[in-house]
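A.B. asks: heads up, no residue letters with this:
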């Protein structure tokens, strides 16, 4: 089964968590694109969606779904998104698309976080995928030096400005054996807006599509 087909299978499996008449949180990325297509084809009536990026907002509006401001929605039942990596404890690295801060906000507001992935995203220990860190522009160099002191090799993702007006450093070779500790440590660096470790608040369910179908990890 191709990687594209696996993403489509995982996306269709996530429809199980979409209740008619609900407001859902929706992430960003290629697997989310497949989910939005599956949602349109399913014709499940939803009252609206909280979007994690301007790109997703445009896609959702394109299929007739209203966008809801999280400030007025309060807690939501489910957040559905992909990931760049996941480990056996459903901890994730996210942010390859640059939307990590808004994704983390919506995930925190959701009672259930459903993560859709293909089997290439499965790892024993997080860190093969470089960790995205969103920083305010004036702090880029300062934060990079602090990340080097933590053992990482940060690379500025030039040409990318996040929806929040910030920059992203992609950090290679960090020791992420204890991702909860590292998530907190990086977030404590002045100038860091957010980092792409979803370890303090991991996914509740990972839907991992492979050649044998979709595995549900919870």
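C.D. replies: On my side now, so go ahead. Predicted model only: the values in this text are computed from it and were never measured.

A.B. asks: list the contacts for the residue nearest in space to the middle of the chain?
C.D. replies: Central residue of the chain (Cα atoms, centre = their mean): residue 94, 4.5 Å from the mean position. Residues in contact with residue 94, defined by Cβ atoms under 8 Å, 6 or more residues apart in numbering, are 27, 81-84, 100, 103-104, 132, 196, 198. Using the backbone N, CA and C atoms, a C-beta is placed for each residue, glycine as well.

A.B. asks: 6 Å instead, please
C.D. replies: Counting by Cβ atoms under 6 Å, 6 or more residues apart in numbering, residue 94 touches 83-84, 100, 103, 196, 198.

A.B. asks: how about residue 153?
C.D. replies: Taking Cβ under 6 Å, 6+ apart as the test, what residue 153 contacts is 172-173.

A.B. asks: next one: it from residue 106, what distance?
C.D. replies: 30 Å (Cβ to Cβ, to the nearest Å).

A.B. asks: again with residue 5
C.D. replies: On the measure of Cβ to Cβ, residue 5 and residue 106 end up 27 Å apart.

A.B. asks: one step back: pipe the contacts of residue 94 into JSON lines and attach distance to residue 46 per row.
C.D. replies: Shown next, in JSON lines, are these (distance: Cβ to Cβ, whole Å):
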{"residue": "83", "distance to residue 46": "22"}
{"residue": "84", "distance to residue 46": "26"}
{"residue": "100", "distance to residue 46": "24"}
{"residue": "103", "distance to residue 46": "19"}
{"residue": "196", "distance to residue 46": "27"}
{"residue": "198", "distance to residue 46": "24"}
